[in-house]
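Chemist: the following block contains a protein sequence and its predicted model.
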Amino acid sequence: MDLIVALAIVIGTMGGLATWGAVTLASPYVLIWAIFIAWASFYHSGGKMAGMKASIMAHIWGIIMAVVALIALTLFGVSAVNAGICVGVTVLIMILGAKVGLLSAIPAQVYGYAATAGLFLLGGAAYGEGTGGIIQVGVAVAVSMIIGGIFGYISEQIVGSLVNMGKAKYHGGCAHVTVSSNAEPIDNHECHCNVCKNVTGQLTTHVAFFKYEDLKCSNEGNLNRVPFNADNPDGPLELCLCKDCGAPIMLDDKQKRIRVAVPNVMGYDDAAFPAATYHAFYEASKGYKRPDDGRPVYEGLRPEFTWPRGA
Ligand SMILES: [Zn+2]
Ligand SMILES: [Zn+2]
């Protein structure tokens with residue numbers, strides 16, 4: 001399914017259900033509008049578990065700073081000048097909080113801050129008088145925004161499975177050319193070779209070999225082929241790049257034995273791709289420490305690997 005259609009269906013449905021639930025519950029601590037703000041903030045904080053944490057932590061920080069501002073303002077006396085000072089100082093501290101990694105999502109801080117101030121100004125009376133009431137306002141916004149962040153995460157998971165529905169188990173590529181396989185890779189390693197290093201710019205590269213006939217390409221005519229190893233232009237492997245956007249799509253084997261995926265640069269869902277099972281082409285002369293993550297380390301491919309017969 002198309003991503004935008006999936007987002008529309010999932011967030012529309014979940015948003016409707018959440019609204020029905022919040023109205024039915026009628027709790028002053030479950031505010032559907034604050035849930036929606038946090039839900040959106042989840043997506044533009046990058047999504048996934050990391051985006052959820054970053055967004056929620058920043059909301060809470062913003063909420064705390066707004067509560068401090070409102071308490072200070074009621075203590076000093078409400079006037080335009082005092083309001084300006086209280087907001088100015090707390091916003092300054094709030095944004096400096098971004099120096100702490102956990103609180104670095106500045107827009108999400110502001111959503112928490114603004115939502116707290118808004119609820120206090122427009123509906124604060126329902127939460128009680130004085131400092132206690134202001135804290136209750138902050139708690140209500142915090143509870144709602146945490147729910148919103150969690151809803152964001154859940155909706156993203158559902159959208160992800162809708163988008164991938166009907167697709168092959170492994171699929172990569174760009175908007176113009178796709179590669180896919182339902183078969184498992186026949187070899188899956190962390191490559192320490194210099195060619196991979198030069199091409200990807202990564203110290204080591206996660207590389208998966210598929211049998212040639214297993215990895216299907218949607219539009220081979222749209223690929224520019226360049227030697228994978230610039231120092232050995234007659235070698236068997238060719239790096240295939242999309243003619244439209246230049247994205248690397250796969251390594252193809254002139255002898256038609258294998259096709260190679262580099263999941264994190266060739267458009268695969270890298271988080272879902274099985275981890276490499278061993279280290280290949282490591283040499284002590286590389287000048288960095290031999291990997292000690294428990295996976296076998298070889299100076300070439302794993303000894304038991306046998307190349308499939310060419311097609
Ligand atoms: Zn390599
Ligand atoms: Zn492309």
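Modeler: Done, it's in. Numbering: from 1, shown residues only. Ligands and ions are numbered 1, 2, ... in the order given.

Chemist: residue boundaries of the helices in the protein?
Modeler: 3-25, 32-44, 48-76, 80-96, 106-123, 130-164, 194-200 (DSSP state H).

Chemist: which one of the ones you listed lies closest to ligand 2?
Modeler: helix 3-25 (16.5 Å; CB to the ion). Where C-beta positions appear, they are placed from N, C-alpha and C, glycine not excepted.

Chemist: name the helices or strands packed onto that closest one?
Modeler: helix 32-44, helix 130-164 (3 or more CB pairs under 8 Å, 6 or more residues apart in numbering; DSSP states H and E).

Chemist: including mean pLDDT, could those helices go into JSON lines?
Modeler: Converted to JSON lines, the helices and strands packed on helix 3-25 look like this (pLDDT from 0 to 100):
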{"stretch": "helix 32-44", "mean pLDDT": "97"}
{"stretch": "helix 130-164", "mean pLDDT": "95"}
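
Chemist: kindly compare burial across these and name the winner.
Modeler: With neighbours taken as mean count of other CB atoms under 10 Å, these reach their highest mean count in helix 32-44, at a mean of 21.

Chemist: looking at it, residue 258 is touching residue 211, isn't it?
Modeler: Yes. The pair residue 258 / residue 211 is scored as a contact, 6.6 Å apart, by CB atoms under 8 Å.

Chemist: which residues do these two both contact?
Modeler: Listed as contacting both residue 258 and residue 211 by CB atoms under 8 Å, 6 or more residues apart in numbering are 186, 308.

Chemist: sorry, back to before: make CSV out of the helices and strands packed on helix 3-25 and add distance to residue 302.
Modeler: CSV is the format used below for the helices and strands packed on helix 3-25 (distance: least, CB to CB, whole Å):
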stretch, distance to residue 302
helix 32-44, 41
helix 130-164, 30
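
Chemist: in TSV, list the ones you listed along with distance to ligand 2.
Modeler: Below are the helices and strands packed on helix 3-25 laid out as TSV (distance: least, CB to the ion, whole Å):
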stretch	distance to ligand 2
helix 32-44	24
helix 130-164	18
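
Chemist: of residue 258 and residue 211, which one has the most company?
Modeler: Between residue 258 and residue 211, residue 258 has the larger neighbour count (other CB atoms under 10 Å), namely 24 against 19.

Chemist: count of residues packed around the nearest residue to the more buried one once chain neighbours are set aside?
Modeler: Among residues not flanking residue 258 along the chain, residue 209 sits closest, at 4.6 Å (CB to CB, 6 or more residues apart in numbering). Residue 209 has 23 neighbours, counted by other CB under 10 Å.

Chemist: state the pLDDT value of residue 209.
Modeler: If you check residue 209, the pLDDT there is 98.

Chemist: roughly how far does residue 304 sit from residue 186?
Modeler: 11 Å (CB to CB, to the nearest Å).

Chemist: of those two, who's got more company?
Modeler: The neighbour comparison of residue 304 against residue 186 (other CB under 10 Å) goes to residue 186, with 16 against 6.

Chemist: shouldn't the more buried one be in contact with residue 307?
Modeler: No. Applying CB under 8 Å as the test, residue 186 and residue 307 come out as separate, 9.4 Å apart.

Chemist: circling back: need the contact list for the residue nearest to residue 258.
Modeler: Contacts of residue 209 (CB under 8 Å, 6+ apart): 185-188, 258-260.

Chemist: same question for residue 237.
Modeler: 227-229, 251-254, 260.

Chemist: state the distance from it to residue 83.
Modeler: For residue 237 relative to residue 83 (CB to CB), the value is 66 Å.

Chemist: residues touching residue 142, list them.
Modeler: 59-60, 63, 112.

Chemist: PyMOL command to pick out the buried ones of these?
Modeler: To isolate in PyMOL the members of the contacts of residue 142 that are buried, counting by 16 or more other CB atoms under 10 Å, one can use:
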select buried, resi 59+60+63+112
